[in-house]
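> my questions concern the predicted model and sequence given below.
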Amino acid sequence: MKFNETVIKRLRQAETIVFFTGAGISQESGIPTFRDGAKSLWKDFDPDIYASVNGFDNDPSKVWQWYAERRQQVRVLEPNRAHFIIADWQHKAPHVTVITQNIDGFHQRAGSQNVIELHGSIARNQCRKNGHRFPHDFDHPTQQPPNCPECNSLLRPDVVWFGENLPEEAYSQAEMKSFNCDVLVSIGCSMEVFPAASLPYNAARCGAYLIQINTQATDLDTVAECNFQGKASEVLSALWCAVWNSDVEA
Ligand code: OAD
């Protein structure tokens, strides 16, 4: 894979980099995406049922069991090369931030630190009534949503559902990072879900150099300086070599 000089230079010289990731980065680990491809989740499962408060209130067990399958997937599958390269980037360069829309925890498992999770985490539950939060007990999965030990209301996965606000602190941190980065690399995001998808646009407005890695075109194509059409792990591996291999001149 060939890269132009500017992209290598900008990545080498950047003081602050944001990696902004979506479901596409975990696709190569075997986690289905939401919108692209025949096996994507929202093709087979109605988000009004499985990703909304109303859906949960109408049938808590159904939603809980659907998430139990997703939790099992996350448990048996592994982060892939793309997650590991981003973790290595954080160790190699100063001020590299990971902002993700994913709930699978794969960035952390690959070794990334201070990951900003915009859509929550499948590894936690929160109670329906008061938002008390607890780690999910992966070793003792239940068929029914358990009751909150604090207030007895039902526990639900601590993920952001349609119509809900993003976690305030995570989003404000993410906004600050997007306003103040030199380079933002968007990876595997369809750019269809806001406000998360506004972050790359923020960065571009503030003068950051925008790189996009995706197997398909998105609305960000016209704004990004560089669009790499390909799989996250392949493009990131090639970028890593080009940026950190001192034989490659830029
Ligand atoms: P989507 O499923 O909407 O989009 C995944 C994107 O990844 C698409 O643009 C694909 O072309 C791309 N893609 C697929 N495989 C790839 C690969 N191997 N390498 C690179 N790119 C690849 O996922 P998101 O944009 O993350 O929210 O979706 C955003 C939010 O919508 C999710 O966080 C979730 C969903 O509803 C909530 O559940 C709140």
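Happy to help now that I have it. Because the structure is predicted, anything quoted here is derived from the model rather than measured.
> rest of the way, CA atoms for contacts and neighbours
Noted.
> what residues does stretch 139-152 touch?
With contact meaning CA atoms under 8 Å, 6 or more residues apart in numbering, stretch 139-152 is reached by 60-61, 64-65, 68, 127, 129-130, 132, 153-156.
> if we use 10 Å, what do you get?
For stretch 139-152, the surrounding residues in contact (CA atoms under 10 Å, 6 or more residues apart in numbering) are 60-65, 68, 71-72, 125-134, 153-157.
> the longest strand in the protein is where?
strand 120-127 (DSSP state E).
> who does the helix or strand following that one touch, helix- and strand-wise?
Heading C-terminal from strand 120-127, the first helix or strand you meet, by DSSP states H and E, is strand 133-135. When contacts are defined as 3 or more CA pairs under 10 Å, 6 or more residues apart in numbering; DSSP states H and E, strand 133-135 packs onto strand 120-127, strand 155-159.
> could you list every helix and strand in contact with the helix or strand of the chain with the lowest mean pLDDT?
When each helix and strand of the chain is scored by mean pLDDT, DSSP states H and E, helix 41-44 comes last, with a mean of 92. Contacts defined by 3+ CA pairs under 10 Å, 6+ apart place helix 41-44 against helix 47-50.
> how far off centre is the helix it packs on?
Averaged C-alpha coordinates place helix 47-50 at 20 Å from its chain's average position (CA atoms, centre = their mean, to the nearest Å).
> what do you get for stretch 98-117?
Between the centre of stretch 98-117 and the centre of its chain there are 7 Å (CA atoms, centre = their mean).
> from start to finish, how long is it in a straight line?
9 Å (CA to CA, to the nearest Å).
> quick one, what contacts the nearest residue to Arg133 once chain neighbours are set aside?
Of all residues beyond its chain neighbours, the one nearest Arg133 is Gln126 (4.3 Å), with distances taken as CA to CA, 6 or more residues apart in numbering. Under the criterion of CA under 10 Å, 6+ apart, the contact partners of Gln126 comprise 132-136, 148, 153-159.
> would you check that Pro157 makes contact with Tyr50?
No: Pro157 sits out of contact with Tyr50 when judged by CA atoms under 10 Å, with a separation of 11.0 Å.
> neighbouring contacts of the top helix by length along the chain?
Longest helix in the chain by number of residues (criterion: DSSP state H): helix 60-76. Helix 60-76 is contacted by residues 29-32, 45, 49-57, 77, 103-106, 122-123, 136, 138, 141-146, 154-157 when judged by CA under 10 Å, 6+ apart.
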